[in-house]
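Student: what follows is a predicted structure for the sequence shown.
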Amino acid sequence: MGHPGEDNSRWAIPGRRRRLRSDQDQQPPTLTSQTQLDRLPGYETHRMVHRAENPRRSGRLFPVAAARRKEHRWKGGQHDVETWSWHVDRPAWVSGLVCWHSAGVDDYLAINRANWDERAPAHADSPDYGFDQFLNDLGHLSGVVRFDRPRLGDLTGLRAVHLQCHIGTDTVSLARLGATMSALDFSAAALHQARRLATGTGSTIDFRQAEVYDAVEVFGRESFDLVYTGIGALIWLPDVARWARVVADLLRPGGRLFIREGHPMLFTLDETTSPPSLRYPYFETTEPLIFDEPGTYVETETTFTHGLTHEWNHGLGETITALLEAGMRLTGLTEHDSVPWQALPGHMTTDETGEWRLTHHPERLAASYTLQAVKQ
Ligand SMILES: C[S@@+](CC[C@H](N)C(=O)[O-])C[C@H]1O[C@@H](n2cnc3c(N)ncnc32)[C@H](O)[C@@H]1O
């Protein structure tokens, strides 16, 4: 059992990835892409961080969605770009943040879902997610679940829900460890692949399509002994306190949250510099970090068109405080020097289990964490 290397080429976290796979050109331009707009003559990219007079975030730096707004048209082979100023008050710091339009928080679900819908079939087809290994070996577990198996303990008979289950490899793994699994994701395309995997492997799993914040309406209050999530889940959510309340509401008293997640310290780093440098917010910001990087983190020939994503970092203290305030008791917190994907391409080395850590001085970076909490 066990297939070392299965997850080895999960590199770069969704939303923290740069141009992947030889900076492939997207043709024709979609006119919704920073990548393309950057190439236009006369185009001026605005990368600003704004110290806002926001009553909730007073005194903090957070990214402005757009310092300037751009109107752009595609005219028979030529771009015609117009720009006009947007009010920006006291810009505080110039950053490399990709931000070219003001989609706003309200649009994040549609924008991110389009991105994930497009990625799901490519992920399922990729050897990196190992569908064939699950189908051919009924004892096979994902590398992510294998990593935490000692901390997970005995799952036999537990009613568990996997939030943001993606294409179901971790979900099926938890079912194989004896849990009765439900799972949720907002991507219909991801769930199509997850159901296909479950059916093919003889796993009975209740998959539901919904936004994570609606999970209680979908499954009911106090329905689970275990909430499992992570590996690039929280960065898609604007409000970690709201997420923590959802987790607490899903659990019966005494039920447990288990999350292994990329460390917020890791997500502050810009891997395009050597050594990686501090670039992105550590703390949760009101406005999203907006990235536009066509491609994904598995090997694939697929051409992607929905590279735009809206993401948020959440400080470890913010996440823990959110859970405590939601009525959870912290029962375990382990910070790891490794992650199950190549989060900082060019700066990390993998081991035989598929974990990646800094090639030089791995002790300098908390790359991921496993957190457990119990509902009081
Ligand atoms: C990186 S994956 C999570 C890791 C996953 N366990 C895996 O196998 O790699 C992120 C998942 O979150 C889902 N997602 C993102 N935002 C969401 C939201 N607001 N509600 C529900 N699902 C969401 C995406 O569709 C995607 O499947």
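Tutor: Nice, thanks for sending it over.
Student: a strand runs through Phe291, doesn't it?
Tutor: Yes - counting by DSSP: H, G, I helix; E, B strand; the rest coil, Phe291 is part of a strand.
Student: could you pull out the strands for the stretch 251-376 of the chain?
Tutor: 251-262, 269-270, 277-278, 289-292, 308-311, 328-336, 348-350, 356-358, 368-375 (DSSP state E, counting those that start in this stretch).
Student: does Ala210 really touch Ser182, like I thought?
Tutor: No - Ala210 lies out of contact with Ser182 (CB atoms under 8 Å); the separation is 11.2 Å. In this view, the C-beta of every residue, glycine as well, is placed from N, C-alpha and C.
Student: circling back: let me have the strands of the stretch 251-376 of the chain in TSV, extended by mean neighbour count, mean pLDDT and distance to the ligand.
Tutor: Formatted as TSV, the strands of the stretch 251-376 of the chain follow (neighbours: other CB atoms under 10 Å; pLDDT from 0 to 100; distance: least, CB to the nearest ligand atom, whole Å):
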stretch	mean neighbour count	mean pLDDT	distance to the ligand
strand 251-262	20	98	9
strand 269-270	18	94	18
strand 277-278	12	96	23
strand 289-292	22	90	14
strand 308-311	24	94	9
strand 328-336	15	98	16
strand 348-350	19	95	17
strand 356-358	22	96	14
strand 368-375	22	98	12
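Student: nearest to Leu237, of these?
Tutor: Taking CB to CB, strand 308-311 is the member of the strands of the stretch 251-376 of the chain nearest to Leu237, at 9.1 Å.
Student: packing partners for that closest one?
Tutor: helix 108-125, strand 289-292 (3 or more CB pairs under 8 Å, 6 or more residues apart in numbering; DSSP states H and E).
Student: just these: most buried one?
Tutor: strand 289-292 (a mean of 22; mean count of other CB atoms under 10 Å).
Student: pull up the pairing partners for that strand, direction included.
Tutor: Note on strand 289-292: by DSSP bridges, its sheet partners are strand 308-311 (antiparallel).
Student: please save the CA atoms from the partner strand in CSV.
Tutor: The C-alpha atoms that make up strand 308-311 are tabulated as CSV, following Å, rounded to 0.1, in the frame of the first residue of the first chain:
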residue,chain,number,x,y,z
LEU,A,308,-8.5,34.8,-12.9
THR,A,309,-8.9,34.1,-9.2
HIS,A,310,-9.7,36.0,-6.0
GLU,A,311,-8.0,34.8,-2.8
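Student: next one, pLDDT for Ile295 please.
Tutor: One thing to correct before we go on: residue 295 is Gly, not Ile. On the pLDDT scale, Gly295 is placed at 80.
Student: okay, now it: neighbour count?
Tutor: Using other CB atoms under 10 Å, Gly295 has 22 neighbouring residues.
Student: report the contact partners of the closest residue to Leu316 other than its chain neighbours.
Tutor: Closest residue to Leu316 apart from its sequence neighbours, by CB to CB, 6 or more residues apart in numbering: Pro264 at 5.7 Å. By CB atoms under 8 Å, 6 or more residues apart in numbering, Pro264 lies in contact with 282, 313-316, 319.
Student: how close does the nearest residue to Glu335 once chain neighbours are set aside sit to Tyr280?
Tutor: For Glu335, ignoring the flanking residues on the chain, the nearest one in space by CB to CB, 6+ apart is Ala366 at 4.4 Å. From Ala366 across to Tyr280, the span is 15 Å (CB to CB, to the nearest Å).
Student: ok, Asp351 next?
Tutor: Relative to Tyr280, Asp351 is positioned 26 Å away (CB to CB).
Student: okay, which residue is most central for the chain?
Tutor: Gly232 (3.0 Å; CA atoms, centre = their mean).
Student: could you measure from that one over to His123?
Tutor: From Gly232 to His123 the distance is 12 Å (CB to CB).
Student: the more surrounded of Ala366 and Tyr280?
Tutor: The neighbour count for Ala366 versus Tyr280, taken as other CB under 10 Å, is higher for Tyr280 (20 against 15).
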